[in-house]
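>>> Would you be able to build a 3D model of this:
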Amino acid sequence: METDIDSRYEPRWANVRDNSPRFTLIDLPHPARRDPEETYLTNPVPIGLDGETGLRATSAAERKIMGAVTTYTAQAGIFAVGTTAQAWVEFDRHRRTPVRTLASAVANLREPRTNMAGVNLVAGFRPELWRSLVPREIPRRLAGYNHDLVGADGYVMPGTQHDVVLWFAGGSPDVVFDEVRLAIQGLKSVASVTEETHGWPYHQDRDLTGFVDGTENPTLIEAPGVAVIPEGKPGAGGSILLLQKWKHEANRWESLSVPAQERVIGRTKAESEELDPKPPDSHASRTDQDVFGKIFRRNVPYGTASDHGTIFVGFCAEQRPLARMLESMAGVRDGVRDALTRYTIPVTGSYYFVPSIEAVRRFASVPSSG
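Have a look, this model is predicted:
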């Protein structure tokens with residue numbers, strides 16, 4: 001039987017402030033359906049940072065047609081570009097702290113502070129830790145960076161895996177600083193800080209080598225399709241994060257001529273145009289996303305004038321593209337190292353699973369601020 005709900009259906013957008021992808025599963029009653037448990041996937045729609053439903057039913061007739069709805073919303077801060085101050089804080093769980101207690105403490109941080117002072121907060125967990133809580137809600141083969149990656153000539157990319165990462169991004173260093181302090185205070189009974197790094201943009205979109213960083217990055221329209229695990233797969237709405245800190249050997253790098261630097265990077269310095277042909281050991285060749293797969297990068301510089309480098313921040317719906325790029329840079333398979341690794345030193349390395357908002361909120365024990 002057809003139902004006319006046009007006069008009673010008024011979709012309302014709640015807290016639409018970003019481009020987070022939301023996947024909505026709707027249980028639609030339909031006479032032709034053979035399986036009463038079958039579900040259909042609607043188009044992704046934007047949703048607010050606090051995870052409030054973007055499209056709300058406003059009548060009993062609509063709720064009857066919509067049926068049961070389950071949403072999977074990516075953490076919005078992944079795609080909140082344009083922030084001028086960032087901080088990455090990694091934690092290890094206290095030995096006697098139950099995993100669920102840690103997850104609850106992190107979830108409680110997210111709820112009231114996601115929008116406080118204009119600061120975005122993204123939370124990620126060691127894959128093995130999250131799997132111990134919800135085994136079916138994480139990619140099956142996702143693993144932490146639990147061992148050093150050893151490449152050509154004994155070159156090492158260290159694995160320094162921790163239990164939790166919090167990423168803060170805001171419009172100014174002071175508000176980010178305040179939120180970091182509050183978060184550390186909020187977690188002090190369950191976890192200890194193991195790594196804290198603050199970053200900032202450099203000449204709009206360049207890193208501290210002077211070259212444009214992220215030339216091959218997907219657009220914000222394309223990024224959710226690259227970074228977010230799709231509906232129907234374990235961990236839907238979540239993302240896989242590779243986080244590394246790379247220290248620059250500035251004196252060695254700056255001793256090179258611009259043409260020599262361009263051969264290392266595989267692009268021109270001023271216009272960021274790809275060299276033709278690209279040197280086979282250039283950074284552009286060893287990390288070619290057309291070969292290894294697309295990732296969404298949010299890299300930023302960090303440090304002081306005398307001790308600085310790049311925070312590599314790569315999001316992907318699968319771990320394989322991230323792992324293959326690292327192996328290529330280290331020359332694991334063919335013995336050819338990325339030339340840039342001769343002027344930068346990997347200091348840290350961790351993989352984190354960044355669950356959907358709904359998955360994190362499940363463990364919250366304080367009321368939502370939405």
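>>> distance of residue 95 from residue 159?
According to C-beta to C-beta, to the nearest Å, residue 95 and residue 159 sit 21 Å apart. Where C-beta positions appear, they are placed from N, C-alpha and C, glycine not excepted.
>>> and if you look at residue 86?
On the measure of C-beta to C-beta, residue 86 and residue 159 end up 23 Å apart.
>>> Kindly report the same for residue 100.
26 Å.
>>> of the two, who's got more company?
residue 159 (16 against 11; other C-beta atoms under 10 Å).
>>> how about the residue lying closest to that one once chain neighbours are set aside, phi and psi?
Take residue 159 and drop its neighbours on the chain: the residue closest to it by C-beta to C-beta, 6 or more residues apart in numbering is residue 145, 4.1 Å away. Main-chain torsions, residue 145, degrees, to the nearest 10: phi -90, psi 70.
>>> On the three-state scheme, residue 182 is what?
Classification of residue 182 by DSSP: H, G, I helix; E, B strand; the rest coil places it in helix.
>>> State the number of residues packed around it.
Neighbours of residue 182 (other C-beta under 10 Å): 16.
>>> pLDDT score for it?
With respect to pLDDT, residue 182 has a value of 94.
>>> swap in residue 116?
51.
>>> Kindly report the same for the one 4 residues further on.
For residue 120, the model assigns a pLDDT of 93.
>>> and what of residue 153?
Taking residue 153 on its own, its pLDDT is 94.
>>> Not counting its neighbours along the chain, what's nearest it?
Nearest in space to residue 153, with sequence neighbours left out and distances taken as C-beta to C-beta, 6+ apart, is residue 337 at 7.2 Å.
>>> what's around the one you found, how many residues?
Residues lying near residue 337 (other C-beta under 10 Å) number 19.
>>> which ones are touching residue 244?
157, 311, 312, 346, 347, 348, 349, 350 (C-beta atoms under 8 Å, 6 or more residues apart in numbering).
>>> Please, where are all the helices along the stretch 151-300 of the chain?
173-187, 223-227, 250-254, 258-265, 283-286, 289-292 (DSSP state H, counting those that start in this stretch).
>>> Save those helices as TSV, and put in distance to residue 79 too.
Formatted as TSV, the helices of the stretch 151-300 of the chain follow (distance: least, C-beta to C-beta, whole Å):
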stretch	distance to residue 79
helix 173-187	18
helix 223-227	6
helix 250-254	31
helix 258-265	26
helix 283-286	25
helix 289-292	18
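>>> for the ones you listed, which one sits closest to residue 329?
Closest to residue 329 of these is helix 283-286 (C-beta to C-beta; 5.2 Å).
>>> what's the helix or strand for residue 71?
strand 69-73 (DSSP states H and E).
>>> Now do the next helix or strand after that strand and helix 173-187, the angle between them.
Sequence-wise, the next helix or strand downstream of strand 69-73 (DSSP H and E) is strand 85-93. If you take axes from the mean of the first three to the mean of the last three C-alpha atoms, to 10 degrees, strand 85-93 sits at 10 degrees to helix 173-187.
>>> Name the nearest residue to residue 336, sequence neighbours excluded.
That would be residue 281: by C-beta to C-beta, 6+ apart, it lies 5.4 Å from residue 336.
>>> any weak-confidence spans in the protein?
Residues of the chain meeting the criterion pLDDT under 70: 1-70, 111-117, 366-370.
>>> per-domain residue ranges of it.
For the chain, automatic domain parsing gives the domain ranges 1-73, 77-361.
>>> most packed of those domains?
Using mean count of other C-beta atoms under 10 Å, the stretch among those with the greatest mean number of neighbours is domain 77-361 (a mean of 18).
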